[in-house]
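> coords please:
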Amino acid sequence: MRFVDIIHKKRYKEELTDEEIQFFIDGVVDGSIPDYQISSLLMAIVLNGMNERETSYLAKAMMHSGDVLDLSSIEGIKADKHSTGGVGDKTSMALGPMVAACGLKVAKMSGRGLGHTGGTLDKLESIEGLNCFLTEKQFKKQVQEIGISIIGQTGDLVPADKKLYALRDVTGTVESIPLIASSIMSKKLACGSDTILLDVKYGEGAFMHTIEDATKLAEAMISIGNSLGRNTMAMITDMNQPLGNTIGNALEIREAIDTLKGYGPKDFTELCMQAAEIMLIQGKVAKDKEEARAMLEEAISSGKAFEKFKQMVKAQGGNVAMIDDPSLLPQSKYKTEIKSRQSGNVKLLHSEKLGVLAMQLGAGRATKDEDVNHAVGLELNCKRGNKVNVGDIICYVYHDEDLKQEWIDELYNAFEFTDEDVENRPLIEKILS
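A predicted model of the protein is given here:
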């Protein structure tokens, strides 16, 4: 088999066989296919696409390019959840303990943040001593015994994706639904869970900018998951404003704790509750949404959900005192009030701009090698549709260095106001299965 013939086929919009896709992935991993030929095929896929079967087999071949976790030794159904990334997205820290407190086992591997989106591991590492890199044996033991573990990738999972993503990043071939879907799902499938819930975000602060594109990506990922025997569902959710009120690592941990105690922000709480309902039904813990909602409300009101988070933190070596008293979490040197320069209703909160501003404070990283400052970030004091008067506090800035005037001006530019009423958009656009 010659790789140039595979490039030609996709160049002329022909369908690749499973054998050709396997030859491609084998060559990526063992280095037998040069980067320039791999890049050529990636561009042909971007331009001409892949059908459902090709995309599913690409994900399968990538999944088996390295280690695949076998979680069969853990009793019961194992659940996973994945977000395509957003600003202020601390969902895993609240959602995981909520469903685990209802009896569903959560085995989750997460990543770090890059650019304007935060990473679950960075947020968890705000907690002193917490170890996000357990061995496979430790990971399985913890999921079996307490019902939840959230860690970074262990072993050599999906090496094909690491190589392909590095090439896509520098060859203008990132934006392709078959390539995005197979990249995400190969990693989720390799993590070994039985059910997968996808939170596919759309809007300014998300990778997919429209509901239509987010839906296409979700449908492609559901098709991959279901074709490989995993119960896969997706939520299409709005990222045209940050999720919840906080952006920044320790700040988001505090907000997750508030949510587990029953007094988190309304939008974030509702997203967690609806996602948890789906997960409990997928995991056969609840028969319908009504039963699932009742279980979740009881888990929160009784304190079980909060206790489950504490159990996870303790099991992974974290300082539980910080969870009981969030004031012990990393604190910035300064907290500055940002007061509105105008009156009106909040029309837009530019998610991406706010994410970048938080990154510039040190809450995120512009390159993979940078460290993050767990203490800094933003806390919004208004959301879309809220009425604001001149002089009202619209945001708190947590920072360790003096704020430059240009940065402050950019922060003001992230808020847009109008005299007209602002339509209340649904946070969850639709649910797909």
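> Please give me every residue in contact with Pro159.
Contact analysis of Pro159 by CB atoms under 8 Å, 6 or more residues apart in numbering lists Val29, Ser65, Gly66. Quick note: C-beta positions are derived from backbone N, CA and C, even for glycine.
> From Leu228, how far off is the first one?
Spelled out, that is Val29. Using CB to CB, to the nearest Å, Val29 is found at 19 Å from Leu228.
> Where neighbours are concerned, which of the contacts of Pro159 has the most?
When the contacts of Pro159 are compared by neighbour count (other CB atoms under 10 Å), Ser65 ends up highest, at 25 neighbours.
> Please, which helix or strand holds it?
Under DSSP states H and E, no helix or strand contains Ser65.
> Pull out the buried positions in whichever helix or strand Ala292 is part of.
Following DSSP H and E, one finds Ala292 within helix 289-301. In terms of neighbour count (16 or more other CB atoms under 10 Å), helix 289-301 has its buried residues at Ala292, Arg293, Met295, Leu296, Ala299, Ile300.
> hmm, who's touching that helix?
Residues from elsewhere that reach helix 289-301 (CB under 8 Å, 6+ apart): 98-99, 101-102, 260-262, 273, 276-277, 280-281, 285-286, 304-306, 308.
> May I have that helix exported as PDB, CA atoms only?
As requested, the backbone C-alpha atoms of helix 289-301 are provided in PDB (Å, rounded to 0.1, in the frame of the first residue of the first chain):
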ATOM      1  CA  LYS A 289     -35.600  13.000  34.600                       C
ATOM      2  CA  GLU A 290     -38.100  13.500  37.500                       C
ATOM      3  CA  GLU A 291     -36.600  10.600  39.500                       C
ATOM      4  CA  ALA A 292     -33.100  11.800  38.700                       C
ATOM      5  CA  ARG A 293     -33.900  15.400  39.700                       C
ATOM      6  CA  ALA A 294     -35.300  14.300  43.100                       C
ATOM      7  CA  MET A 295     -32.200  12.200  43.800                       C
ATOM      8  CA  LEU A 296     -29.900  15.100  42.900                       C
ATOM      9  CA  GLU A 297     -31.800  17.600  45.100                       C
ATOM     10  CA  GLU A 298     -31.600  15.200  48.000                       C
ATOM     11  CA  ALA A 299     -27.900  14.700  47.400                       C
ATOM     12  CA  ILE A 300     -27.300  18.400  47.600                       C
ATOM     13  CA  SER A 301     -29.700  19.200  50.500                       C
END
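> Check which element follows that helix along the chain.
Next along the chain after helix 289-301, taking DSSP H and E as the criterion, comes helix 304-315.
> where does Cys102 fall, phi/psi-wise?
Cys102 adopts backbone torsions of phi -90, psi 0, taken as degrees, to the nearest 10.
> Kindly indicate which of the buried residues of helix 289-301 lies nearest Lys314.
For those, the residue nearest Lys314 by CB to CB is Ala299; the value is 18.4 Å.
> Look up the closest residue to the closest one, ignoring the ones flanking it.
What sits nearest to Ala299 in space, not counting adjacent residues and going by CB to CB, 6 or more residues apart in numbering, is Ala101, at 4.0 Å.
> The one you found reaches Glu307, doesn't it?
Yes: between Ala101 and Glu307 there is a contact at 7.4 Å, judged by CB atoms under 8 Å.
> helix or strand right after the stretch of helix or strand Lys188 belongs to?
For Lys188, the host element (DSSP H and E) is helix 177-190. Next helix or strand after helix 177-190 toward the C-terminus (DSSP H and E): strand 195-202.
> Turn the buried residues of helix 289-301 into CSV, including distance to Leu71 and pLDDT.
Listed next are these as CSV, based on distance: CB to CB, whole Å; pLDDT from 0 to 100:
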residue, distance to Leu71, pLDDT
Ala292, 23, 98
Arg293, 27, 98
Met295, 23, 98
Leu296, 24, 98
Ala299, 23, 98
Ile300, 27, 98
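> Turn those into TSV, columns for distance to Gly85.
What follows is these, written out as TSV (distance: CB to CB, whole Å):
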residue	distance to Gly85
Ala292	26
Arg293	27
Met295	29
Leu296	25
Ala299	27
Ile300	26
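> ok, so of the residues you listed, who is nearest Ile33?
Ranked by distance to Ile33 (CB to CB), the buried residues of helix 289-301 are led by Ala292 at 47.1 Å.
> And that closest one, how close does it get to Ile281?
6 Å.
> Over to Lys266?
23 Å.
> Please pull out the lowest mean pLDDT helix or strand from the chain.
helix 159-171 (a mean of 91; mean pLDDT, DSSP states H and E).
> And that one, what's buried?
Ala160, Asp161, Lys162, Lys163, Leu164, Arg168, Thr171.
> just how off-centre is it within its chain?
19 Å (CA atoms, centre = their mean, to the nearest Å).
> Can you check what angle separates that helix from helix 177-190?
Put simply, helix 159-171 runs at 150 degrees to helix 177-190, going by axes from the mean of the first three to the mean of the last three CA atoms, to 10 degrees.
> Nearest residue to the residue most central in space within the chain in space, please, no chain neighbours.
With distances taken as CA atoms, centre = their mean, Ser83 lies nearest the centre of the chain, 3.1 Å away. Leaving aside its sequence neighbours, Ser83 sits nearest to Asp199 (CB to CB, 6+ apart; 4.2 Å).
> Check Ala286 too.
Ala292 (3.7 Å).
> what about the one you found, distance to Val143?
In terms of CB to CB, Ala292 sits 21 Å off from Val143.
> Which parts of the chain belong to which domain?
According to automatic domain parsing, the chain comprises the domains 3-49, 78-168+188-324, 330-418.
> Looking at these, which one is packed in the most?
Mean neighbours per residue, mean count of other CB atoms under 10 Å, is largest over those for domain 78-168+188-324, with a mean of 21.
> How far does that domain stretch from one end to the other?
28 Å (CA to CA, to the nearest Å).
> Just the CA trace of the helix holding Lys188, in CSV.
In CSV, the C-alpha atoms belonging to helix 177-190 read as follows (Å, rounded to 0.1, in the frame of the first residue of the first chain):
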residue,chain,number,x,y,z
ILE,A,177,-15.5,18.0,12.1
PRO,A,178,-14.2,14.5,11.3
LEU,A,179,-10.8,15.3,12.7
ILE,A,180,-12.2,17.1,15.8
ALA,A,181,-14.7,14.4,16.5
SER,A,182,-12.2,11.5,16.1
SER,A,183,-9.6,13.4,18.3
ILE,A,184,-12.0,13.9,21.2
MET,A,185,-13.7,10.5,21.0
SER,A,186,-10.5,8.5,20.6
LYS,A,187,-9.4,9.9,24.0
LYS,A,188,-12.8,9.4,25.7
LEU,A,189,-13.1,5.8,24.3
ALA,A,190,-9.6,5.0,25.5
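> Before I go, just wanted to say thanks for your time.
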